[in-house]
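Student: Test case, fold it:
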Amino acid sequence: MQSVVKHVKCASVLWLLPLAVWATEIDAERLFKDGNQFYQEGQFAQALECYAKLDSLGYQSGALYYNIGNTYYRLGAIGYAILYYEKAAKLIGEDEDLRTNLELARLRTKDRIQPIPRFFLDAFVESLLQTFSMGAAAVGTVLSFYLLIGIVIMQIQKYAVNQVLLKVGFYVTLVATVFFILIFSAKSARDAARTEAIVISATLNLKSEPNHDSKTLVTVHEGLKVEIVREVNEWVEIRLPNGEKGWTKAGDVALI
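Tutor: Numbering: from 1, shown residues only. Now for the predicted structure:
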């Protein structure tokens with residue numbers, strides 16, 4: 001292990017379900033805290049059991065996925081660790097602990113496949129989109145929109161506020177609103193168009209066709225991030241970072 005995986009996150013999960021199931025939420029909060037306690041005590045199998053139960057019940061939280069990733073990392077299941085770190089990244093966005101732990105997990109993978117170089121503009125847009133989680137983009141859109149409405153009302157009602165400042169505030173807030181709307185829309189469109197997955201099998205032989213008797217094109221290992229191209233029955237065609245494609249059973253990879 002190159003370094004110590006950083007601590008679990010202790011954010012509440014109670015907000016993830018409606019108030020109508022408050023009693024269930026209390027149980028969920030207890031499960032989450034129990035999982036954190038087991039983790040701190042080094043009882044990683046018990047911690048994973050608590051976290052996995054929450055995951056199976058449909059709870060979605062960046063903190064939960066981050067903790068599951070940490071637990072799998074401690075148990076040596078690098079493929080699943082990377083899977084849940086990637087899931088957490090979709091909800092958390094830029095987070096120093098998450099980024100560090102994900103890089104530590106990637107250092108323990110076997111494959112070093114160089115991705116196809118991107119056009120600089122595509123790389124810039126991708127970097128910009130990764131800066132904001134879907135939640136952050138949504139919150140930014142809502143807050144800037146309501147601030148914009150507030151400024152408009154103040155202008156209409158002619159409050160005793162410097163009108164030049166109001167005008168500047170209006171245009172700045174308008175730009176911010178449009179920016180967050182574009183970020184949210186672009187992330188939504190990208191996620192809808194791209195189906196990414198993580199290899200979870202220790203060793204995976206990619207086939208030329210969707211059957212076991214076909215030619216093996218390349219061998220990859222757990223933890224590699226790939227893109228799902230299409231599905232045929234129980235088989236999926238995946239694309240590697242370098243553009244190579246091959247077929248494998250659907251159970252060998254897990255969707256992010």
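
Student: What ranges does this protein have for its strands?
Tutor: Here the chain has its strands, by DSSP state E, at 196-199, 203-207, 216-221, 225-232, 235-239, 245-249, 253-255.

Student: Specify the angle between the fourth one and strand 235-239 in degrees.
Tutor: Here strand 225-232 runs at 140 degrees with respect to strand 235-239, directions being taken by axes from the mean of the first three to the mean of the last three Cα atoms, to 10 degrees.

Student: Strand 225-232 pairs with which strands?
Tutor: Next to strand 225-232 in the sheet, as set by DSSP bridges, lie strand 196-199 (antiparallel), strand 235-239 (antiparallel).

Student: ok, residues contacting that strand?
Tutor: The contact list for strand 225-232 (Cβ atoms under 8 Å, 6 or more residues apart in numbering) reads 82, 86, 194-199, 210, 220, 236-241, 245, 247, 250, 253, 255-256. To be clear about C-beta, it is placed using only N, CA and C from the backbone, and glycine gets the same treatment.

Student: Next: the last one.
Tutor: Defining contact as Cβ under 8 Å, 6+ apart, one finds that strand 253-255 is touched by 79-80, 83, 195-201, 204, 226, 228, 236, 238.

Student: make it 10 Å
Tutor: 79-80, 82-84, 86-87, 195-201, 204, 220, 222, 224-226, 228, 236, 238 (Cβ atoms under 10 Å, 6 or more residues apart in numbering).

Student: can you check the second one too?
Tutor: When contacts are defined by Cβ under 10 Å, 6+ apart, strand 203-207 is touched by residues 79, 110-111, 199, 212-222, 224, 226, 235, 237-238, 240, 244-249, 252-253.

Student: Can you give me the buried ones in it?
Tutor: By 16 or more other Cβ atoms under 10 Å, the buried positions in strand 203-207 come out as 204, 205, 206, 207.

Student: Excluding chain neighbours, what is closest to the third one?
Tutor: Distances taken as Cβ to Cβ, 6 or more residues apart in numbering put residue 246 closest to residue 206, at 2.6 Å, once the chain neighbours are dropped.

Student: close enough to count as contact, that neighbour and residue 199?
Tutor: No - using Cβ atoms under 10 Å, residue 246 makes no contact with residue 199, being 11.4 Å away.

Student: Touching both of those two, which residues are there?
Tutor: Listed contacts common to residue 246 and residue 199 are 206, 220, 226, 238, 240; contacts here mean Cβ under 10 Å, 6+ apart.

Student: For the protein, which helix or strand comes out least confident on mean pLDDT?
Tutor: Scoring the helices and strands of the chain by mean pLDDT, DSSP states H and E places helix 120-131 at the bottom, with a mean of 79.

Student: which helices and strands sit right next to it?
Tutor: helix 163-193 (3 or more Cβ pairs under 10 Å, 6 or more residues apart in numbering; DSSP states H and E).

Student: pLDDT of the helix it packs on, averaged?
Tutor: Confidence for helix 163-193, expressed as mean pLDDT, is 88.

Student: what angle separates that helix from helix 120-131?
Tutor: In terms of direction (the same axes, to 10 degrees), helix 163-193 departs from helix 120-131 by 100 degrees.
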